[in-house]
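>>> Sequence first, predicted coordinates after that:
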Amino acid sequence: MLSNLPLFPQQASTVAKEVDALFYFLMGVSAFFAVLIAILLIFFSVRYRRRSATDRPHAIEGALHLELLWTIIPFGITMIMFVWSASIYIKLQRPPDNAIQVFVVGKQWMWKLQHIEGQREINELHVPTGRPVKLTMTSEDVIHSFYVPAFRIKQDVLPGRYTTTWFEAIKPGTYHLFCTEYCGTQHSGMIGSVIVMEPAEFATWLSGGAKQSLASAGETLFQQLGCTSCHLDQGTGRGPVLTGLLGRQVQLTNGTTIVADETYVRESILNPQAKIVAGYQPIMPTFKGLVSEEQLLQLIAYIKAKGAVGGDAAAAGGAVPQGG
Ligand code: CUA
């Protein structure tokens, strides 16, 4: 029934109200000026119509007050829009530190999701209420876009790099998940649902089924692929120490310094020659075609977990791997 169709999606996340308030403001300003301009258009057409064949308008030299007014007021209004929307945008770009991590891989035409604890889902995402959830996303093929209207979040998912977004659900329920970037024939079928549960219910769901956490799946892979033969923990290996790597400054052979983030680790696995750590030889083979996007995320989760165990001191000191 058309009468059952809601005009707006539910407000099911903490930012939903803020995004809507901004949207109503933009709509209000637009409606106000649309009506004002329409009324003035009609009024002026009548008031200043040509009354006879010899009618000539008076020349106007300019009106400083009027010109200042119609410059300053729109400037003020657009600055309000800019600051307001930028503050929401920045908030959505910065997941809180206590966020739960979920990894998302888009492919033609499905969403594959992995939880840190090891639970894997397709086209479904289970999350608890009252906890921020950070999504780290990439694509196996073309550009997709992760869109949950009820949460008011939308983020492009790109091949070859990681993008992130976050939300905090406030109401249990099932919400639409859409792909909102045209990605081929079945784009319209690339849909799913986000299932928001009470925290206790979610804990039960999370504990059922997962055999292996993401990090330990990554550790298994790390050994299977032979990474352990070069990346030793003591810094005596042919490859850099990976403990405490993520978030750390890394000095490269070309003299530049970068912060080792997820995208850097991913690139170093697929294209090891791109950025060589200072003091090391370019001897690492590529793993392109040998590991899937999901496995890359597992490897990254493992390297991250290594940092959490004993890497705090190294991370705090900003130490660069020595040796080689
Ligand atoms: Cu994926 Cu549209």
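Now that the structure is in, tell me what you want to look at. In this text, all values refer to a predicted model and were calculated from it rather than measured experimentally.
>>> so where do the helices sit in the chain?
With DSSP state H, the ranges of helices along the chain come out as 16-47, 64-93, 199-207, 214-224, 262-270, 293-310, 312-317.
>>> Indicate which one of these is closest to the ligand.
If you check each of the helices of the chain against the ligand by C-beta to the nearest ligand atom, helix 293-310 wins as the nearest, at 14.1 Å. Placement of C-beta: from N, CA and C, glycine included.
>>> Can I get the closest one in PDB? Just the C-alpha atoms.
Backbone C-alpha positions of helix 293-310 (Å, rounded to 0.1, in the frame of the first residue of the first chain) are rendered in PDB as follows:
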ATOM      1  CA  GLU A 293      40.700  -9.600  -0.700                       C
ATOM      2  CA  GLU A 294      39.100 -11.500   2.300                       C
ATOM      3  CA  GLN A 295      42.400 -13.200   3.000                       C
ATOM      4  CA  LEU A 296      44.300  -9.900   2.800                       C
ATOM      5  CA  LEU A 297      41.900  -8.600   5.500                       C
ATOM      6  CA  GLN A 298      42.700 -11.600   7.600                       C
ATOM      7  CA  LEU A 299      46.500 -11.000   7.200                       C
ATOM      8  CA  ILE A 300      46.000  -7.400   8.200                       C
ATOM      9  CA  ALA A 301      43.900  -8.400  11.200                       C
ATOM     10  CA  TYR A 302      46.800 -10.700  12.200                       C
ATOM     11  CA  ILE A 303      49.400  -8.000  11.900                       C
ATOM     12  CA  LYS A 304      47.200  -5.700  13.900                       C
ATOM     13  CA  ALA A 305      46.800  -8.300  16.600                       C
ATOM     14  CA  LYS A 306      50.600  -8.800  16.800                       C
ATOM     15  CA  GLY A 307      50.900  -5.100  17.500                       C
ATOM     16  CA  ALA A 308      48.300  -5.300  20.300                       C
ATOM     17  CA  VAL A 309      50.200  -8.100  22.100                       C
ATOM     18  CA  GLY A 310      53.700  -6.800  22.500                       C
END
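>>> I figured residue 115 was touching residue 102, is that so?
Yes - in terms of C-beta atoms under 8 Å, residue 115 counts as a neighbour of residue 102; the distance is 5.8 Å.
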